[in-house]
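Q: what follows is a predicted structure for the sequence shown.
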Amino acid sequence: MQDDLEKILFGASEIAARLDELALQITEDYRGKDLTVLAILNGSLIFMADLLRRIPLPLRLDCLRVKSYFGGTETTGRVQFDPQTLPDLSGRHILLLDDILDSGHTLAAITEALRTERGILSLKICVLVRKLKKRAREVEADYVGFDIADEFVVGYGLDYKERYRNLPLIGVLKT
């Protein structure tokens, strides 16, 4: 599979070290609070599992299945998810976890649904990867694993047509 990559951006040891740092920061920020992590599937699955095992807090975990790429290498601007499937998050501090902040469509749609329909105490966003580019929707992450150029990346949960998620690294796919 690594033969399909143009280059490797972050190896397994770099990712593990960065997750240690993120977990420490999140732990400090949420100590003594009722934290619920809302993970966006499928992309955040590997990131979520590895990050949450590093956070020594009694937290809740919920997941939300969302689609926005539909098989290509660029987001369509369409975000598919059912806001009615969101769990009851009222009275909780929410950490929204996603694999990538790209156009902003996905995270903006979810944060709007959370802020308008739920009585949450706070909402922060954590992403594994943030593309440094102008976004179609205005949204920012509070916690970021890595900043990257505007390239199509795979691995560590990030996919192309549902493949490459299981790579233990983050790399740029050959075009």
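A: Perfect, thanks for sending it.
Q: for residue 147, helix, strand, or coil?
A: Look at residue 147: counting by DSSP: H, G, I helix; E, B strand; the rest coil, its state is strand.
Q: distance of it from residue 89?
A: Look at residue 147 and residue 89: by Cβ to Cβ, to the nearest Å, they are 29 Å apart. The way it works is simple: take the backbone N, C-alpha and C, and place the C-beta from them, glycine included.
Q: the more surrounded of the two?
A: Taking neighbours as other Cβ atoms under 10 Å, residue 147 and residue 89 compare with residue 89 leading, 19 against 11.
Q: ok so that one is a strand residue?
A: No: per three-state DSSP, residue 89 lies outside any strand segment and is coil.
Q: quick check, it in contact with residue 34.
A: No: Residue 89 lies out of contact with residue 34 (Cβ atoms under 8 Å); the separation is 10.4 Å.
Q: where in this structure is pLDDT low?
A: Applying pLDDT under 70 to the chain flags residues 67-79, 81-85, 117-118, 136.
Q: repeat the analysis, applying 80 as the threshold.
A: For the chain, the stretches with pLDDT under 80 are 1, 66-87, 116-118, 135-137.
Q: now the strands for it?
A: Using DSSP state E, the strands assigned to the chain run over residues 5-10, 35-41, 60-65, 93-101, 122-131, 143-148, 153-154, 170-173.
Q: turn the ones you listed into JSON lines, columns for distance to residue 29.
A: Below are those laid out as JSON lines (distance: least, Cβ to Cβ, whole Å):
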{"stretch": "strand 5-10", "distance to residue 29": "23"}
{"stretch": "strand 35-41", "distance to residue 29": "9"}
{"stretch": "strand 60-65", "distance to residue 29": "16"}
{"stretch": "strand 93-101", "distance to residue 29": "9"}
{"stretch": "strand 122-131", "distance to residue 29": "8"}
{"stretch": "strand 143-148", "distance to residue 29": "9"}
{"stretch": "strand 153-154", "distance to residue 29": "27"}
{"stretch": "strand 170-173", "distance to residue 29": "24"}
